[in-house]
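[1] Sequence and predicted model, in that order:
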Amino acid sequence: MFPQRLDSPLAYDIAKALIDGFNRHYRLFRAESARAKHRFETADWHGQQRGQRERIEFYDLRVGEAVARLEKEFKAGEQPMDVWHQVKLHFIGLMVNHHQPELGESFFNSVTTKILHRAYFQNDFIFVRPAISTEYIESRDAPTYRAYYPQPETLPATIERLLADYALQGRFADAPRDATRIAQAVMARLQHVKLRANFQLQVLASLFFRNKGAYVVGKVINGYTELPFALPILHDAQRRFHVDAMLFGEDDLQILFSFARAYFMVDMEVPSAYVQFLRSLMPRKPRAEIYNALGLAKQGKTLFYRDFLSHLNYSSDRFRIAPGIKGMVMLVFDLPSFPYVFKVIKDFYPPQKETTREQIKGKYLLVKQHDRVGRMADTLEYSDVGFPLDRFDPALVEEIRTFAPSQMEIGDRDGNGEMELVLRHVYIERRMIPLNIYLKEAFDILAEPESPAQAERAQAQLAQAVIEYGNAIKDMVAANIFPGDMLWKNFGVTRNGKVVFYDYDEIEYLTDCNFRKVPEPRNEEEEMSGEVWYAVGPKDVFPETFAPFLLGNERVREAFMAHHADLLDPAFWQRHKQRIQAGQMLDVFPYDDAQRFAHEDRDCTTSP
């Protein structure tokens, strides 16, 4: 129960110190996000990537600073629980009229859970549920979005003004041309629809920056119809701006805001208002994923965990060992009714896996900080997560006890007889269909098709998956990533058919690898040897040797060789390594080439 009094001056001082710590964090976070605009204007692409990477580290640094201050100035860990009750109440009072209350509550949780014993991780001491509403928070600096009310004949001029209102320092190659193309695309979408009195364009007030792209994000409103859109603004070869495409609809925006892409840099005074607007464009996308996409990963984790607890309350199925081939270093399980998988690093690895727990964690951190180019799944990382034991399949409990005993603890948390399984460290990521299973489904149909049409669909599914697999590897190569273990089982197929990599324990920077051709045998004995007879360094890679592991099926081989035979050639990898070492960044667009406007000069130096 909460105390009926607020009589501890120390409690207020602790709460005020927590607020100060959070305000410092968000001030620095927002300043770094705002600098993305200048970096875009000046084409400082490497600075942009560096800023994106460094911003990820801000949160943990500020939490650490706050913990150190509370311990040093207030001996926070020694204070009685009555004081901590009052700290939370004072904190709630101080968050009234704050512009980022939901982020402040998560910051409070992050700091206090590093100070309090785990037995106190409950609603009386932390924010299991939000205490401050984020509805209708008004920005002091500028409105969250801008609205424009054109007539059909003034639509190009209105769009040109809309672009100018972002005040990019530099010039467009041809702003009237871009505005006309956008207007034509809008009117083509509305060609059979009467324009209503409320016809308008609403766009978020800040641009969304990622790598070499800046995005206008908004919606067309006409009567009861709302049509989401995004406009990627890029540089051309002369460092002039141009609008490269117009993306329409929820599906296009889902890809733009995919969990497999780097976080956006956006200057937001009221992040909850941005999330609310984005939810109106992508109602199927969880708020947790939108916060993640905006770089507010801790808030994404907070919301994900709340959604997870709610799902547990309204479901009854059990956690199980995940279907598919078991990994050598990761123990993977899922809850069938929940669209995510849980991954725990094992305590023991086969001899061929020369790695450690810390090295594996380092690989996952590398991916989080890197440009994921739509091909590497983002992960949520949690420590000391409690699960109700009775929701675990006994076979799964035994699996964890056998392969990861250091990561599991079972006990009666609250002394009420309800047993809990606690995992010391766990990664959580979106569930996808493993590519090997996806291909097997096509193989099974092709083996005994019910009709020629079904066989044709299965063959198309197989071919498209193999093509997407190669595209995924090439996109990662463009971003200086060598996946290491390229087996089909380490890739997944998303709900929109994209192939995404998700097994990171052997991932390396491409520039750290040495791509070699298999030497010619010097004699008959070497030629007939079943063993590797030539010297192999720790970072040596022989692309020719990929084929026996990947292309055993003739249909797979045919599709692969038709589109991606160059992946078996060391020269392909060497060229990209040299290109990256020379400082060049390739284009990896979050939309199809067919969606791009037909620019006279397609020699762009850009990459969203």
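    Nice, thanks for sending it over.
[2] Settle this for me: residue 66 is touching residue 18, isn't it.
    Yes - counting by CB atoms under 8 Å, residue 66 does reach residue 18; the two are 6.4 Å apart. C-betas here are computed from N, CA, C, even on glycine.
[3] now residue 170, nearest residue through space, not along the chain?
    Leaving aside its sequence neighbours, residue 170 sits nearest to residue 41 (CB to CB, 6 or more residues apart in numbering; 5.2 Å).
[4] Residue nearest the middle of the chain, spatially speaking?
    residue 259 (3.3 Å; CA atoms, centre = their mean).
[5] That one and residue 155, how far apart?
    According to CB to CB, to the nearest Å, residue 259 and residue 155 sit 34 Å apart.
[6] circling back: the residue nearest to residue 170: neighbouring residues, count only.
    16 (other CB atoms under 10 Å).
[7] Can you name the next helix or strand after the helix or strand of the chain with the lowest mean pLDDT?
    Sorting the helices and strands of the chain by mean pLDDT, DSSP states H and E puts helix 524-528 at the bottom, at a mean of 66. Proceeding N to C from helix 524-528, the next assigned helix or strand is strand 540-541, under DSSP states H and E.
[8] Kindly spell out which helices and strands sit in contact with the next helix or strand after that following strand.
    Per DSSP H and E, the first helix or strand lying C-terminal to strand 540-541 is helix 546-550. The contact analysis (3 or more CB pairs under 8 Å, 6 or more residues apart in numbering; DSSP states H and E) places helix 546-550 against helix 554-564.
[9] The next helix or strand after the helix it packs on: which residues count as buried?
    Note on helix 554-564: by DSSP H and E, the next helix or strand toward the C-terminus is helix 570-581. By neighbour count on 16 or more other CB atoms under 10 Å, the buried set for helix 570-581 is 570, 572, 573, 574, 576, 577, 579, 580.
[10] So which residues of the stretch 401-550 of the chain form strands?
    Secondary structure of the stretch 401-550 of the chain (DSSP state E, counting those that start in this stretch): strands located at 408-412, 419-430, 433-434, 481-482, 491-493, 499-501, 508-509, 514-515, 540-541.
[11] Residue 473 - how many residues pack around it?
    Per other CB under 10 Å, the neighbour tally for residue 473 reads 21.
[12] List the contacts of it.
    Taking CB atoms under 8 Å, 6 or more residues apart in numbering, we find residue 473 in contact with 483, 486, 564, 567.
[13] now with 10 Å?
    If you count contacts by CB atoms under 10 Å, 6 or more residues apart in numbering, residue 473 has them with 375, 481, 482, 483, 486, 491, 499, 501, 546, 564, 567.
[14] quick one: contacts for the last one?
    Spelled out, it's residue 567. Going by CB under 10 Å, 6+ apart, the list of residues near residue 567 reads 469-470, 473-474, 477, 486, 543, 546-547, 550, 560-561, 573.
[15] that older thread, put together JSON lines for the contacts of residue 473, with distance to residue 418 and pLDDT on each row.
    JSON lines is the format used below for the contacts of residue 473 (distance: CB to CB, whole Å; pLDDT from 0 to 100):
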{"residue": "375", "distance to residue 418": "42", "pLDDT": "94"}
{"residue": "481", "distance to residue 418": "44", "pLDDT": "94"}
{"residue": "482", "distance to residue 418": "46", "pLDDT": "95"}
{"residue": "483", "distance to residue 418": "42", "pLDDT": "93"}
{"residue": "486", "distance to residue 418": "44", "pLDDT": "91"}
{"residue": "491", "distance to residue 418": "39", "pLDDT": "96"}
{"residue": "499", "distance to residue 418": "42", "pLDDT": "95"}
{"residue": "501", "distance to residue 418": "39", "pLDDT": "95"}
{"residue": "546", "distance to residue 418": "50", "pLDDT": "93"}
{"residue": "564", "distance to residue 418": "52", "pLDDT": "97"}
{"residue": "567", "distance to residue 418": "52", "pLDDT": "96"}
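[16] Which members of the residues you listed are the farthest-apart pair?
    375 and 546 (17.4 Å; CB to CB).
[17] between these two, which one's more packed in?
    For residue 375 versus residue 546, neighbours defined as other CB under 10 Å are more numerous around residue 375 (28 against 16).
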